[in-house]
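Student: structure of the sequence below:
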Amino acid sequence: MSPLVRSRPMRSPLARSALLLSLVAALAGSACQPAAEDPAKAFQLFLARVQEGRTAEAWKLLSKGSQEQLTALVQERAAAAGGKLEGEVHQLVFGTAELARPVEKLDVVSRDEARAVLRVTHVGGEQKELVMLREPDGWKLSLELPRG
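Tutor: Below you'll find the predicted structure:
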């Protein structure tokens, strides 16, 4: 399996952790229109913002739960490495990501009022299913983060 992102050389455990987190989110996509009412468009907007390096905007397109989990994970990794956070969490999570593979197809597998499952097909055929959650201000990407 080929990597989803390419990165600059890692200098610290915190940088490696940030890259790990960006791998979860770094799937290639295209720019799209505002997405409050459409989970597929919200996902495409998230990818476009990451690709453009607009990390603060990409961060706002993650579910509240994902933001909380990412913040806790980055803080734990920083503390374990004997350091503190240098910069905002969104910069650490998305700052080293370069999107490498374009999306060939994006399908809504299932959808109700609160949750949608998307199937992303990359050029080359690899597929991944992602969950979008409906929050008060629109659809947000929910990341499944590694535990421990």
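Student: correct me, but residue 39 touches residue 130?
Tutor: No. With contact taken as Cβ atoms under 8 Å, residue 39 and residue 130 are classed as non-touching, separated by 9.3 Å. Any C-beta I mention is one placed from the backbone N, CA and C, and that applies to glycine too.
Student: what is in contact with those two at once?
Tutor: residue 118 (Cβ atoms under 8 Å, 6 or more residues apart in numbering).
Student: more neighbours: those two, which one.
Tutor: residue 39 (24 against 21; other Cβ atoms under 10 Å).
Student: so how far is residue 68 from the more buried one?
Tutor: 21 Å (Cβ to Cβ, to the nearest Å).
Student: contacts only, for residue 113.
Tutor: residue 134.
Student: that one belongs to a strand?
Tutor: No. Applying DSSP: H, G, I helix; E, B strand; the rest coil, one finds residue 113 to be coil, outside a strand.
Student: could you say what helices and strands the helix or strand encompassing residue 109 packs with?
Tutor: Taking DSSP states H and E as the criterion, residue 109 maps to strand 103-111. The contact analysis (3 or more Cβ pairs under 8 Å, 6 or more residues apart in numbering; DSSP states H and E) places strand 103-111 against helix 39-52, strand 115-122.
Student: nearest to residue 107, of the ones you listed?
Tutor: strand 115-122 (4.7 Å; Cβ to Cβ).
Student: in the chain, which spans are helices?
Tutor: 13-25, 39-52, 55-60, 64-80, 89-94 (DSSP state H).
Student: residue 75: neighbouring residues, count only.
Tutor: Residues near residue 75, counting by other Cβ under 10 Å: 13.
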